[in-house]
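Engineer: Fold the stuff below for me.
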Amino acid sequence: MTIVAFARTVGHFDDPSYADELYQLLLPFADRICVIGGAVVCLGPASRILGMLARAAGRPEPALEHLADALERSRALGSPPLVARTLVETAKVHLLRGTTGDTERATQLLRASRATASGLGMAKLVHDIEGLESSLGRGALA
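Structural biologist: Numbering: from 1, shown residues only. All right, here's what the predicted structure looks like:
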């Protein structure tokens, strides 16, 4: 759990300092769901965290692969909050990569995540989405 907590922090702040090392430590558990205390708290698929670490390390292709897996697992868990968070993480990778169509794809993902997050009252996630949207073009996504 300590590795997962540290990895989430590194991924959240896009800090490449420890991203590769944590990625290697967590990779053997890519197919797992991270839980605390006998599943009292579910942090979601390890693949979402691996995607965050790959993004922090500047590797968008592996990040997108991990996040696609995380999205599938989050949907299988029946967890709209995990789905919404995974969509935001995927949008961030598209923005980092910046190839043709990535901005449009990020826009779609952020809209879908915002709809879910708003409906569930996830104010912090909505705030984060708004920050990403404003960085895309000052209201171009509104």
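Engineer: residues contacting the residue lying closest to Leu25 once chain neighbours are set aside?
Structural biologist: Nearest residue to Leu25, sequence neighbours excluded (Cβ to Cβ, 6 or more residues apart in numbering): Ile3, at 5.4 Å. For glycine as for every other residue, the C-beta is placed from the backbone atoms N, C-alpha and C. By Cβ atoms under 8 Å, 6 or more residues apart in numbering, the contact set of Ile3 is Leu22, Leu25, Leu26.
Engineer: Would you mind measuring from Ile3 to Leu26?
Structural biologist: Ile3 is 6 Å from Leu26, where distance means Cβ to Cβ, to the nearest Å.
Engineer: ok, the residue of the chain most remote from its centre to Pro60 distance?
Structural biologist: Outermost residue of the chain with respect to the C-alpha centroid, by Cα atoms, centre = their mean, is Gly38; its distance is 23.6 Å. Going from Gly38 to Pro60 by Cβ to Cβ gives 35 Å.
Engineer: my read is Val35 is in a strand, agree?
Structural biologist: Yes - counting by DSSP: H, G, I helix; E, B strand; the rest coil, Val35 is located in a strand.
Engineer: and the residue lying closest to it once chain neighbours are set aside, what does it touch?
Structural biologist: Leaving out its chain neighbours, the residue that sits closest to Val35 by Cβ to Cβ, 6+ apart is Cys42, at 5.2 Å. Contact partners of Cys42, counting by Cβ under 8 Å, 6+ apart, are Ile33, Cys34, Val35, Leu77, Ser79, Leu82.
Engineer: Which of these are buried, as a PyMOL select command?
Structural biologist: Listed next is the PyMOL selection for buried residues among these, using 16 or more other Cβ atoms under 10 Å:
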select buried, resi 33+34+79+82
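Engineer: Stretch 67-78: how far from the chain's middle?
Structural biologist: For stretch 67-78, the gap between its own C-alpha mean and the chain's C-alpha mean amounts to 11 Å (Cα atoms, centre = their mean, to the nearest Å).
Engineer: Same question for stretch 3-17.
Structural biologist: The answer for stretch 3-17 is 12 Å, by Cα atoms, centre = their mean.
Engineer: Flag the shaky bits of the protein, pLDDT-wise.
Structural biologist: 137-142 (pLDDT under 70).
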